[in-house]
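**Q** sequence and predicted structure are below.
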Amino acid sequence: MKSKAGRNGPDQVLLVEDDRGLRELLAEELTEAGIRAVEVDSAEAALDQLDRFHPQLVISDLRLPGRDGLDLLQEVRGLQQPPAFLIITAFGTISQAVEALKQGADEFLTKPLDLEHFMLCVNRLLETRRLRGEVQRYRGLVDHDAFYGLVGQSRSMRNLFQQIQQLGKASGPVLVVGESGTGKELVARAIHDESTRAGGPFQAVNCAGVPAELLESEFFGHEAGAFTGAVKSHRGLFDQAHGGTLFLDEIGEMPLALQAKLLRVLQDGVIRPVGGSREHTVDVRIVAATNRKLEDRIESGDFREDLFYRLETFTLRVPPLRERGDDLELLAALFLTRYSMQMGREIEGFSSEALAAFKQYAFPGNVRELQNAVERAVTFCQGSTIELEHLPMRIRGGERRGIPAEAVDQVLRQVSDGPVLPTLAELEQRYIRYVLDQVGGNKRRAAAMLDVSRRTLYRKLDQDELATQY
């Protein structure tokens with residue numbers, strides 16, 4: 001049974017056993033499983049090793065010459081990042097087992113050891129410690145690297161954060177484009193919080209969520225008696241957002257008549273409530289968002305071209321999750337922590353199978369879909385680890401998704417446009433480059449989508465002279 005290597009190479013174990021024959025046998029078993037084992041015969045020698053060697057697991061006999069295994073356990077528990085601890089002994093009694101576990105041991109085994117059971121226990125302890133370490137690492141990243149609620153370390157997200165900071169110094173309208181579920185409203189709020197208007201109000205409205213006949217009143221307000229049911233005057237969103245920011249989500253769904261009035265507000269900064277006779281000035285910055293291509297809406301006659309050019313002065317693109325590399329793991333850990341706390345669960349992380357399923361899935365619903373999947377998994381998980389069975393069927397393989405079919409068709413059209421059709425090898429190289437572009441150069445996710453090993457992917461990249469950028 002092979003051990004899963006850690007982030008910095010093979011797992012490392014400190015083996016403390018004064019029986020030389022047993023020590024060498026266990027070391028051989030660990031080495032064959034891909035685990036680096038350092039052998040010592042006493043607690044004093046183990047403490048000396050811990051000054052320069054940082055194992056993920058300590059395996060110690062209970063009875064040792066000089067200080068015993070429980071003494072060593074207490075020293076190990078005092079380390080800043082203590083490894084897991086497994087005690088083995090020929091003198092196993094219930095009272096000794098209870099005492100060892102009370103003092104912080106993770107597992108207790110008695111001699112003679114069943115080697116298969118021993119290795120299962122070792123791998124489980126290493127996996128548990130890895131999960132705990134990942135959660136702590138991701139929590140630290142979230143605590144330090146969250147940007148106004150936006151979480152990410154990928155190059156595309158760092159570029160987005162930089163653009164948001166630059167736009168904070170500007171005053172014109174902003175158009176935020178991106179697929180559904182990418183977090184466009186969070187981007188809008190970040191633009192507001194980064195600007196000189198941060199102390200003012202932030203108002204948001206979904207243009208597709210308000211009936212067309214009520215949109216004008218919702219935006220500009222109305223006077224009492226302006227229409228049936230208007231028993232009193234109402235301040236619209238522009239007045240409510242005065243001195244701050246108004247976020248218009250799904251701007252492409254706004255009726256044409258209201259688009260003309262919005263354009264006038266952008267140009268002149270004045271509004272007139274429905275049923276009112278006087279105009280007044282408002283100071284509002286518009287941030288609009290869409291998951292549709294507005295150029296297509298213009299061509300179909302459903303969106304004003306002049307409004308589009310006014311809005312697109314500053315355009316931000318929010319990358320889809322499939323282009324954000326290891327941000328997937330970071331976000332999954334964040335949502336796991338959030339929902340575990342909300343539901344009062346003690347879930348330490350994702351199994352390697354569940355994490356692999358996440359990585360090979362394209363997430364057409366982006367961050368929102370990932371969030372919902374993790375919430376569902378936490379709800380159904382009864383143990384300490386999210387397993388493959390806790391994920392939605394479409395993610396765990398019922399509806400296997402890699403690169404969307406339309407994207408594959410697009411690549412094939414591109415490569416067949418030239419005067420000479422490419423060879424199969426050239427087509428393969430171009431497709432690999434395309435997949436790498438889609439996942440932000442993340443070779444692990446690319447290999448999962450291509451359904452090949454990373455070793456195979458690296459070999460194919462070595463054969464591609466144009467792939468050195470990856």
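**A** Perfect, thanks for sending it.
**Q** chain center to stretch 267-277: distance?
**A** Relative to the chain's own centre, stretch 267-277 is displaced by 43 Å; criterion: CA atoms, centre = their mean, to the nearest Å.
**Q** so the residue nearest to Ala45 when sequence neighbours are not counted bridges to which residues?
**A** Using CB to CB, 6 or more residues apart in numbering and skipping the chain neighbours, the partner closest in space to Ala45 is Val16 (7.7 Å). In this view, the C-beta of every residue, glycine as well, is placed from N, C-alpha and C. Counting by DSSP bridges, Val16 is bridged to Val40, Ser60.
**Q** contacts only, for Val16.
**A** Applying CB atoms under 8 Å, 6 or more residues apart in numbering to Val16 gives the contacts 40-43, 45-46, 58-61, 64, 69, 72.
**Q** how far away is Ala362 from Lys293?
**A** 20 Å (CB to CB, to the nearest Å).
**Q** on that earlier part again, quick one: pLDDT of the residue nearest to Ala45?
**A** In the prediction, the pLDDT value recorded for Val16 is 94.
**Q** also Leu125?
**A** The predicted structure scores Leu125 at 90 on the pLDDT scale.
**Q** now the one 3 residues further on
**A** Predicted confidence (pLDDT) for Thr128: 80.
**Q** how much space separates Ala425 from Gly440?
**A** Distance of Ala425 to Gly440, computed by CB to CB: 25 Å.
**Q** more neighbours: which of the two?
**A** Gly440 (19 against 11; other CB atoms under 10 Å).
**Q** what's the closest non-adjacent residue to that one?
**A** Sequence neighbours aside, Gly325 is the residue nearest to Gly440 in space, at 4.3 Å (criterion: CB to CB, 6+ apart).
**Q** show me what contacts the one you found?
**A** Under the contact definition (CB under 8 Å, 6+ apart), the residues listed for Gly325 are 154-155, 439-442, 445.
**Q** do that again at 7 Å, thanks
**A** Applying CB atoms under 7 Å, 6 or more residues apart in numbering to Gly325 gives the contacts 154, 439-440, 442, 445.
**Q** ranges for the strands of the chain?
**A** In the chain, the segments counted as strands under DSSP state E are 12-16, 36-40, 57-61, 84-89, 107-110, 174-177, 202-206, 245-249, 270-271, 280-281, 285-290, 314-317, 349-350, 385-386.
**Q** quick one: low-confidence parts of this structure?
**A** 1-9, 91-94, 133-146, 231, 397-419, 444, 453-455, 464-470 (pLDDT under 70).
**Q** so how far is Gly69 from Arg129?
**A** 19 Å.
**Q** just the helices in the stretch 251-400 of the chain please.
**A** If DSSP state H, counting those that start in this stretch is used as the criterion, the helices of the stretch 251-400 of the chain fall at 256-268, 294-299, 305-311, 327-342, 352-360, 366-380, 393-396.
**Q** buried residues in the last one?
**A** This points to helix 393-396. Across helix 393-396, burial judged by 16 or more other CB atoms under 10 Å covers 395-396.
**Q** repeat that for stretch 150-158.
**A** Applying 16+ other CB under 10 Å to stretch 150-158 flags 150-152, 154, 156-157 as buried.
**Q** just those now: which is nearest Ile88?
**A** Val151 (41.9 Å; CB to CB).
**Q** roughly how far apart are that closest one and Ala190?
**A** Taken as CB to CB, the spacing of Val151 relative to Ala190 amounts to 12 Å.
**Q** cool, and Glu426?
**A** Distance of Glu426 to Ala190, given as CB to CB: 42 Å.
**Q** tell me which of these two has more neighbours.
**A** When Glu426 and Ala190 are compared for neighbours, Ala190 comes out ahead with 23 against 13, by other CB under 10 Å.
**Q** wait, the more buried one touches Met157, no?
**A** No: Ala190 is beyond contact range of Met157, at 11.4 Å (criterion: CB atoms under 7 Å).
**Q** that older thread, could you dump the strands of the chain to TSV with distance to Ile432?
**A** As requested, the strands of the chain are exported to TSV (distance: least, CB to CB, whole Å):
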stretch	distance to Ile432
strand 12-16	34
strand 36-40	33
strand 57-61	38
strand 84-89	39
strand 107-110	44
strand 174-177	27
strand 202-206	39
strand 245-249	37
strand 270-271	54
strand 280-281	56
strand 285-290	32
strand 314-317	24
strand 349-350	27
strand 385-386	31
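**Q** outline the domain layout of this structure.
**A** Here the chain is described, according to automatic domain parsing, as comprising the domains 12-131, 155-317, 322-396, 405-469.
**Q** in the protein, which residue sits furthest out from the middle?
**A** When distances are taken from the C-alpha mean of the chain, Ser277 lies farthest, 51.2 Å away, according to CA atoms, centre = their mean.
**Q** for that residue, grab phi and psi.
**A** When quoted as degrees, to the nearest 10, the phi and psi of Ser277 stand at phi -110, psi -10.
**Q** between the contacts of Val16, which is nearest Asp106?
**A** Distances from these to Asp106 were compared by CB to CB; the smallest belongs to Val58, at 9.6 Å.
**Q** was I right about the closest one contacting Phe85?
**A** Yes: in terms of CB under 7 Å, Val58 counts as a neighbour of Phe85; the distance is 5.1 Å.
**Q** which residues are in contact with each of these two?
**A** Listed contacts common to Val58 and Phe85 are Val76; contacts here mean CB under 7 Å, 6+ apart.
**Q** in contact with the residue nearest to His242 when sequence neighbours are not counted, which residues?
**A** In this structure, His242 finds its nearest non-sequential neighbour in Val282, 5.2 Å apart by CB to CB, 6+ apart. For Val282, the residues meeting the contact criterion (CB under 7 Å, 6+ apart) are 238-239, 242, 269, 271.
**Q** in contact with Gln163, which residues?
**A** By CB under 7 Å, 6+ apart, the contact set of Gln163 is Leu316.
**Q** quick one on the thing from earlier: roughly how far apart are the residue nearest to His242 and Asp239?
**A** In this structure, Val282 and Asp239 are separated by 6 Å, where distance is defined by CB to CB.
**Q** same check, this time on Glu305
**A** For Glu305, the distance to Asp239 (CB to CB) stands at 28 Å.
**Q** with Phe220 instead?
**A** To Asp239, Phe220 is 8 Å away according to CB to CB.
**Q** neighbour-wise, which of the two wins?
**A** Between Phe220 and Asp239, counting by other CB under 10 Å, Phe220 is the more crowded of the two (24 against 17).
**Q** contacting residues around the residue most central in space within the chain?
**A** In the chain, the C-alpha closest to the average C-alpha coordinate belongs to Leu331, at a distance of 2.4 Å (CA atoms, centre = their mean). In this structure, Leu331 makes contact with 151, 367, 370, judged by CB under 7 Å, 6+ apart.
**Q** of these, which is the nearest to Ser352?
**A** Relative to Ser352, and with distances defined as CB to CB, the nearest of the contacts of Leu331 is Leu370, at 17.7 Å.
**Q** just give me the neighbour total for the closest one.
**A** Around Leu370 there are 22 residues (other CB under 10 Å).
**Q** likewise for Asp11?
**A** Here the neighbour count serves as a burial measure; for Asp11 (other CB under 10 Å) it reads 25.
**Q** what about it, distance to Gln166?
**A** From Asp11 to Gln166 the distance is 44 Å (CB to CB).
**Q** ok, Cys121 next?
**A** When distances are taken as CB to CB, Cys121 and Gln166 turn out to be 54 Å apart.
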